[in-house]
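Trainee: predicted model and sequence below, questions to follow.
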Amino acid sequence: MQVTFLGTSSGVPTRSRNVSAVAVRLPQRAELWLFDCGEATQHQFLRSDLRVSQLRRIFVTHMHGDHVLGLPGLLASLGLAGSCPGLDLYGPDPLRDFLEGVLRTTSTRIGYPLRTHRVRDAARSGALLLDDDDITVRCTALTHRVPAYAYRIDRKPRPGHFDVARARQLGIPPGPIYGQLKAGRSVTLDDGRIIRGEALCGPPRPGCSLVYCTDTVFSEAAVALAQGADLLIHESTFAHGEAAMAIARQHSTSTMAAQTALEAGVKRLVLTHLSPRYLPGNPVSPDDLLAEARAIFPQTQVAKDFLSLELGEEGGNPEPDPAPDPATVHEDPDRRTHAP
């Protein structure tokens, strides 16, 4: 899986950070999933190497504007392109009414199947939200001012690498039979030989896991959902010194995010959803939030827009990025659609 951050600011965009959106690309199936869709997310797609035509699923954490106001424009553009085979949207109960209202009042015709799925019941029961034989998705309720949810993607283990050279040595003709052998099945050749697919495959390849958690104050439910994940993406709206404000506004500090990662035993933590008050050059910067988190959980990095990470065998585990955020612009931290 390839994870690309399209927006890493909270509340309002800055000159270097757009509001919340994270894209997950599934290369083996040429498919793209999106987590949250803040204002101007479709512009961020245009600035990235991602192909929005591959978008198939969108997962919304909650209904605050910096997480959903990019949806109407993105959906309308996909309709105008005329090439979208359909989208599945997952999120809180009001998501369907929000989209239907905006599309109706703006006379926007989508022209492709648009299916919305409420996640509340799955979050309460712990049932799988999605299982497509290759990937499962679960969710849990968080602690925020409005109903909010975290999501976990797990890619299932896959068969080991197929030894093509060995198959040729055995005189097995290329074609559909290779697919059966790759899947570990036994096949009978025209000459009567029975070939066991597992004998031509290496050890099973483990899957990988990703958890997306924003917005919330420290949550035991998030800890439970993230257990053993390869990558935890967690909001870090505030520095530790402003914990009282974080609790009042039901957001997380850098240390809350790190504590979640530590208790969950994840491999990597990426901080996102940073308040604009922490721009480089201000009294507290993203580097300070990073240092606070690393004091608790060393395998931490701070996301920036267009940061791309590879998960799974193709890319290994993401490595921390020691480079400071390049932004040098001072923004007004109090200009926002809602308090972060």
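Mentor: Sure thing, it's come through.

Trainee: please state the offset of stretch 105-119 from the chain centre?
Mentor: Using C-alpha atoms, centre = their mean, to the nearest Å, the distance from the centre of stretch 105-119 to the centre of the chain it belongs to is 22 Å.

Trainee: and what of stretch 286-294?
Mentor: 22 Å.

Trainee: list of residues touching it?
Mentor: With C-beta atoms under 8 Å, 6 or more residues apart in numbering as the test, stretch 286-294 has contacts from 236, 239-240, 253-255, 257-258, 269, 271, 274, 278-280, 300-302, 324-325. In this view, the C-beta of every residue, glycine as well, is placed from N, C-alpha and C.

Trainee: let's see it at 6 Å
Mentor: Residues outside stretch 286-294 that contact it (C-beta atoms under 6 Å, 6 or more residues apart in numbering) are Ser236, Ala239, His240, Ser254, Thr255, Ala258, Tyr278, Thr300, Val302, Pro324, Asp325.

Trainee: buried subset of those?
Mentor: Ser236, Ala239, His240, Ser254, Thr255, Ala258, Tyr278, Thr300, Val302, Asp325 (16 or more other C-beta atoms under 10 Å).

Trainee: reformat the residues you listed as TSV; add distance to Gly265.
Mentor: As requested, the buried ones among the contacts of stretch 286-294 are arranged in TSV below (distance: C-beta to C-beta, whole Å):
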residue	distance to Gly265
Ser236	19
Ala239	25
His240	22
Ser254	19
Thr255	17
Ala258	13
Tyr278	28
Thr300	14
Val302	21
Asp325	28
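
Trainee: out of the contacts of stretch 286-294, which are inside strands?
Mentor: Thr300, Val302 (DSSP state E).

Trainee: make JSON lines out of the contacts of stretch 286-294 and add distance to Arg196.
Mentor: As requested, the contacts of stretch 286-294 are arranged in JSON lines below (distance: C-beta to C-beta, whole Å):
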{"residue": "Ser236", "distance to Arg196": "50"}
{"residue": "Ala239", "distance to Arg196": "58"}
{"residue": "His240", "distance to Arg196": "57"}
{"residue": "Ser254", "distance to Arg196": "52"}
{"residue": "Thr255", "distance to Arg196": "53"}
{"residue": "Ala258", "distance to Arg196": "47"}
{"residue": "Tyr278", "distance to Arg196": "57"}
{"residue": "Thr300", "distance to Arg196": "45"}
{"residue": "Val302", "distance to Arg196": "49"}
{"residue": "Pro324", "distance to Arg196": "54"}
{"residue": "Asp325", "distance to Arg196": "53"}
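
Trainee: my guess is Leu311 contacts Met1. True?
Mentor: Yes - between Leu311 and Met1 a contact is recorded at 4.4 Å, counting by C-beta atoms under 6 Å.

Trainee: and for these two, which residues touch both?
Mentor: Contacts common to Leu311 and Met1, judged by C-beta under 6 Å, 6+ apart, are absent.

Trainee: can you name every helix or strand that the helix or strand hosting Thr4 contacts?
Mentor: For Thr4, the host element (DSSP states H and E) is strand 2-7. Here strand 2-7 touches strand 21-26, strand 308-310, going by 3 or more C-beta pairs under 6 Å, 6 or more residues apart in numbering; DSSP states H and E.

Trainee: can you list the neighbours in contact with it?
Mentor: Residues contacting strand 2-7 (C-beta under 6 Å, 6+ apart): 18-25, 38, 41, 44, 303, 305, 307-310.
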